[in-house]
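A.B. asks: Build me a model:
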Amino acid sequence: MIVAQLPSVWREMAETHRLFPKAFPEHMGTKIKDVEDPLRLVLHHAGTGASLKVTTAAAAAAGIVDISHVALHKWMVKIGPYLADLCGHMAYDNAVFSADRWAGYEVMAVDASALSCPGAKGTTARVHYAVRLVDLHPVEIQVTDYTGGETYRRFEAVLEQLWMGDRGYANPPGVAFIDDSGAAVLVRHNYGSLPLYNGAGDPFDVRAKLAGLKRPGAMREWKVWVHPQNHEPIGGRLCAVLLPKDKAKEAQERVRREHGQSTTSAQLEAAKYVVVFTTVPASRLDTAKILELYRVRWQVELFIKRDKSIGGLDELPNFKPETIYSWICAKTLLLLISRRIVSSKVSIPPSAGRKRKPTHLSLCA
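C.D. replies: Numbering: from 1, shown residues only. All right, here's what the predicted structure looks like:
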């Protein structure tokens, strides 16, 4: 069942990644001559949480292959890029049916999740997701170390896509990247990282404009420009709504919990509003539609929470970067397989997934 969900070229991909030569000389006497054996062991190790010793003992008892846990660890070190490539093929392969659109846009939501090893004081790795909202399918996933920040530039945007992100993605280089790709952007405004300007090139005073919203639920929009470095100004709209009093109070409490005693009055005032920047023309999506659509972005956060709470993606086993990468890729592959098995697009043996152009899942600096 698992093999049936993999790309049809999964064995050939192992040769491409130089995990195996096309033919083993007889004198090598190797115990593993097919990528299926280490793949089964790695997926078992990541999927069940079993140690390397328990995994190899179970494989030997089942008559699959008899190797040491040290040998399996060596496979964990080198198999990561292959698993990442499998995930890329799987992500693209499920994108086969047409999606409902918002004014013709294919809506994508991006976010990242921080993972930590047992005993670690900070972030060990990050997983970056790009999820197509119409069917909640991940079309791109990247794994980075702790230095990997949130940016649109990790992903591949194309025409007629609309990319949504939270404040972490609100910066001029990211907006320019999406705009240069021919796609549109919808991002929560960040006062510090996304300065805005009026048509004359003067700074746009966002807080002064928001002060004019007096009635809860009142919406406004303003024409603004982003000035990326060494790039032509990019025109867009700043859309805002004043939250109801109870929602505003909840938002302010979240700010206090996040910033503690360093919370400022300006931060508390800003929490009363939802403010987003978009390059979508008003003729395609008006202010109300833009703000309604941004509310759907929460689905990508729920998606990540399910991967962590149900899939165990945040249960990193050790401190070695190269094996952490392979473990995360194996977990991600299992989650993609499980979603496919429970969907209407399931492949039943002996059929197999079709060959598709892959997206990318990679380890980035």
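A.B. asks: and Asp74, what helix or strand is that in?
C.D. replies: Residue 74: Lys, not Asp. Assigned by DSSP states H and E, Lys74 falls within helix 69-78.
A.B. asks: which element follows that helix toward the C-terminus?
C.D. replies: Heading C-terminal from helix 69-78, the first helix or strand you meet, by DSSP H and E, is helix 80-93.
A.B. asks: thinking again about what came up before, for the helix holding Lys74, what is the average pLDDT?
C.D. replies: For helix 69-78, the mean per-residue pLDDT is 92.
A.B. asks: residue contacts, the residue nearest to Thr55 when sequence neighbours are not counted?
C.D. replies: Excluding the flanking residues, the one nearest Thr55 by Cβ to Cβ, 6 or more residues apart in numbering is His45, at 4.5 Å. C-beta here means a position set from N, CA and C on the backbone, and glycine is covered the same way. By Cβ atoms under 8 Å, 6 or more residues apart in numbering, the contact list for His45 reads 51-52, 55, 72, 76, 327, 330.
A.B. asks: What separation do you get for His45 and Leu6?
C.D. replies: From His45 over to Leu6 the distance is 18 Å, taken as Cβ to Cβ, to the nearest Å.
A.B. asks: same thing with Met90?
C.D. replies: For Met90, the distance to Leu6 - Cβ to Cβ - is 7 Å.
A.B. asks: how about a markdown table for the contacts of His45, with neighbour count and secondary structure added?
C.D. replies: Formatted as a markdown table, the contacts of His45 follow (neighbours: other Cβ atoms under 10 Å; DSSP: H, G, I helix; E, B strand; the rest coil):
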| residue | neighbour count | secondary structure |
| --- | --- | --- |
| Ser51 | 13 | coil |
| Leu52 | 21 | helix |
| Thr55 | 22 | helix |
| Leu72 | 24 | helix |
| Met76 | 26 | helix |
| Trp327 | 25 | helix |
| Ala330 | 24 | helix |
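A.B. asks: Which other helices and strands does the helix holding Lys74 contact?
C.D. replies: In terms of contacts (3 or more Cβ pairs under 8 Å, 6 or more residues apart in numbering; DSSP states H and E), helix 69-78 is packed against helix 36-48, helix 52-61, helix 321-341.
A.B. asks: cutoff 6 Å now
C.D. replies: Helix 69-78 sits against helix 52-61, helix 321-341, with contacts defined as 3 or more Cβ pairs under 6 Å, 6 or more residues apart in numbering; DSSP states H and E.
A.B. asks: And those helices, which one averages the lowest pLDDT?
C.D. replies: When I compare these, helix 321-341 is least confident, with a mean of 84.
A.B. asks: List the neighbours of that helix that are in contact with it.
C.D. replies: By Cβ atoms under 6 Å, 6 or more residues apart in numbering, the surrounding residues in contact with helix 321-341 are 2, 5, 42-43, 46-47, 76-77, 79-80, 83-84, 86-87, 90, 125, 141, 143, 307, 311, 313, 316, 363.
A.B. asks: Now do it and helix 80-93, the angle between them.
C.D. replies: Between the axes of helix 321-341 and helix 80-93, defined by axes from the mean of the first three to the mean of the last three Cα atoms, to 10 degrees, the angle is 30 degrees.
A.B. asks: and helix 321-341, how far from the chain's centre?
C.D. replies: Offset of helix 321-341 from its chain centre (Cα atoms, centre = their mean, to the nearest Å): 13 Å.
A.B. asks: do the same with stretch 270-278
C.D. replies: Computed by Cα atoms, centre = their mean, the chain-centroid distance of stretch 270-278 equals 23 Å.
A.B. asks: Please parse this structure into its domains.
C.D. replies: In terms of domains, the chain is parsed into 2-89+318-357, 190-296 (source: automatic domain parsing).
A.B. asks: Any chance of CSV for those domains, columns distance to Asp180?
C.D. replies: Listed next are the domains of the chain as CSV, based on distance: least, Cβ to Cβ, whole Å:
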stretch, distance to Asp180
domain 2-89+318-357, 21
domain 190-296, 8
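A.B. asks: sorry, back to before: more neighbours: which of Met90 and Leu6?
C.D. replies: Under the criterion of other Cβ atoms under 10 Å, the comparison of Met90 against Leu6 puts Met90 first, with 28 against 23.
A.B. asks: ok, that one to Ile141 distance?
C.D. replies: 10 Å.
A.B. asks: overlap in contacts of those two?
C.D. replies: If you check Met90 and Ile141 against Cβ under 6 Å, 6+ apart, no residue is contacted by both.
A.B. asks: what number of residues lie near Cys87?
C.D. replies: By the measure other Cβ under 10 Å, the count of residues near Cys87 is 30.
A.B. asks: whoops, I mixed them up, Pro321
C.D. replies: Neighbour count of Pro321, defined by other Cβ under 10 Å: 16.
A.B. asks: Check Val241 too.
C.D. replies: When neighbours are counted by other Cβ under 10 Å, Val241 registers 23.
A.B. asks: hey, where'd the strands end up in the stretch 151-300 of the chain?
C.D. replies: Using DSSP state E, counting those that start in this stretch, the strands found in the stretch 151-300 of the chain span residues 161-165, 184-188, 219-226, 234-242, 273-278.
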